[in-house]
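Peer 1: Pasted the sequence and its predicted model underneath.
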Amino acid sequence: MNGKQPSSDRRRFLISAAAAAMGCPVFVPSHALGRGGVAASERIGLAYLGPGNRGRQLVREFAMRPDVESLLVCDPQRDRRQLALAAQREAGERRPQGRGTCGQCIDFREALARSDVDAVVVSAPEFWRPILCILAAKAGKDIYTEKPYSLTIGEGRAMFEAVRRHGRVFQHGTQRRSNNEQGLRDSCELVRNGRLGKLTHATVWVGPGPTSDRVDYTAWPPPPPRDVLDWDLWLGPAPLRPYSDRILGWNWHITRNFGLGSIGNWGAHTLDMAQWALGKDAESPVAALPPGAAGPHLVLRYADGLEIRVPRTKGDCSDVAVFGSAGQKIILGRPPVTEEYDETPLGPSDLRLYRADRGDHLGNWLQCIRTRGSTICNAEVGLRSGLLCHLIDIVDRLQRPLKFDPARLEFPGDDEAQRLSDTPKRSPWQIY
């Protein structure tokens, strides 16, 4: 090697050859051929769709990276756009090559139409998130999306199929798999290597679901001007309803038609942790039982008899524990569990779980965009963990045992439960 940067044609060839060797679609980011003070193949153009509170954190974290070019912030709320742009400017100034120029727009479709946008970071509310991801996949953009995976089972299935069909690199925002918070991965590895004996169940403490949306349809107050808030676009696929600032901010996530409440907020994380510990990333339960049907708690039961038991809390909760025939182990939080397990250190022949380089969840996604590899929280991981949230929500609503087909993602012979597996979408968002 002579230490010189390869030519643009050479870089294009190397990236294409690496992708072909792995049997992956060839993808060369629009920024991969040079600009700024970072190696050209390291720069990926991002657009941020729906950056609220968590979204601004993501804008800030991505904007500090020298291998990212922040190009566009998209949101129907002006204050959200302005706060996200301020976060991008502040973070970008810390980079050696400066912050670059980041624009803004009301309608996300402007970002999907731009050829210099290689990937999108989706942090809009969950009633919008799957639609954004499906359209982004169709537009050839790679996707990072926040949790929970979707608002409904039908949306989740459509999103998974779109990501797979269009060959997109997808990362779900359950970042604790990467950062090993509280030794999460280490604990899961102990469990998966038999340190608890034969596994029997996990217990995941989960908060309440959403509440009904009480809407006054006798009054239709005018919304703010479109440049302040595009109310119709904010509602998007959700049912048409009169403008109310009550639903904006954080209230949407506890309101049915918009969010999954605590089930989707912290539950999306903790249920995902249980899936990882039990080795169920490619499976889903075959039955969901309400409290009283198989003990005092709601139960999600897999085909092999393993269970996730779900005590309910008044609000968000991070507690997860796993139990086996020879012990019990805390996975995260502070559940009321006394740990008893074989503490023999893992050896070189023991199973090791996926480890993101330096525990960097965002970096894992960016790296996989370049290599076209699978991320630590890929689309199937997100789908299967998200399904647990939906099963809990539907059992909450029906309060009776349910049978579930993990392959078809349906409730066989149960029309009432099947109706709750998806919601109608307003035009023009009927895209699957």
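Peer 2: Received, thanks.
Peer 1: All the strands of this structure, residue numbers only.
Peer 2: Taking DSSP state E, the strands of the chain run over residues 44-49, 68-74, 103-105, 119-122, 142-145, 170-172, 199-204, 287-289, 298-301, 307-310, 320-324, 327-332, 402-403.
Peer 1: all helices of this protein, in order?
Peer 2: Using DSSP state H, the helices of the chain run over 8-21, 53-63, 78-92, 109-112, 129-138, 153-165, 176-179, 184-192, 231-235, 261-265, 267-278, 361-371, 379-398, 415-419.
Peer 1: Dump the strands of the chain into TSV; add distance to residue 419 and mean pLDDT as well.
Peer 2: C-beta coordinates here come from the backbone N, C-alpha and C atoms, glycine included. Formatted as TSV, the strands of the chain follow (distance: least, Cβ to Cβ, whole Å; pLDDT from 0 to 100):
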stretch	distance to residue 419	mean pLDDT
strand 44-49	29	98
strand 68-74	33	96
strand 103-105	36	97
strand 119-122	27	98
strand 142-145	26	98
strand 170-172	27	98
strand 199-204	26	98
strand 287-289	16	98
strand 298-301	20	98
strand 307-310	23	98
strand 320-324	31	98
strand 327-332	34	98
strand 402-403	13	98
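Peer 1: Assess the claim that residue 104 and residue 74 are in contact.
Peer 2: Yes - judged on Cβ atoms under 8 Å, residue 104 makes contact with residue 74 at a distance of 7.3 Å.
Peer 1: what do these two both touch?
Peer 2: Shared contacts of residue 104 and residue 74, defined by Cβ atoms under 8 Å, 6 or more residues apart in numbering, are found at residue 81.
Peer 1: Those two: which has the busier surroundings?
Peer 2: For residue 104 versus residue 74, the count of surrounding residues by other Cβ atoms under 10 Å is larger for residue 74: 27 against 17.
Peer 1: What distance do you get for the closest residue to the more buried one other than its chain neighbours to residue 135?
Peer 2: Ranked by Cβ to Cβ, 6 or more residues apart in numbering and with sequence neighbours excluded, the top spatial neighbour of residue 74 is residue 108, at 4.3 Å. Taking Cβ to Cβ, to the nearest Å as the measure, residue 108 falls 8 Å from residue 135.
Peer 1: ok, now which ones touch the residue nearest to residue 74?
Peer 2: Neighbouring residues of residue 108 by Cβ under 8 Å, 6+ apart: 47, 49, 50, 74, 132, 135.
Peer 1: Could you list everything the fourth one pairs with in the sheet?
Peer 2: Partner residues in beta bridges with residue 74, using DSSP bridges, are residue 49, residue 105.
Peer 1: pretty sure it is touching residue 102, no?
Peer 2: No - judged on Cβ under 8 Å, residue 74 makes no contact with residue 102 at a distance of 11.0 Å.
Peer 1: Find the nearest non-adjacent residue to residue 168, please.
Peer 2: The shortest distance from residue 168 to any non-neighbouring residue, by Cβ to Cβ, 6+ apart, is to residue 137 (4.8 Å).
Peer 1: Can you name the residues that contact residue 367?
Peer 2: The contact partners of residue 367, taken as Cβ under 8 Å, 6+ apart, are 357, 373.
Peer 1: make it 7 Å
Peer 2: Residues counted as contacts of residue 367 (Cβ atoms under 7 Å, 6 or more residues apart in numbering) are residue 357.
Peer 1: same question, residue 404
Peer 2: Counting by Cβ under 7 Å, 6+ apart, residue 404 has contacts 284, 285, 286, 287, 288, 391, 411.
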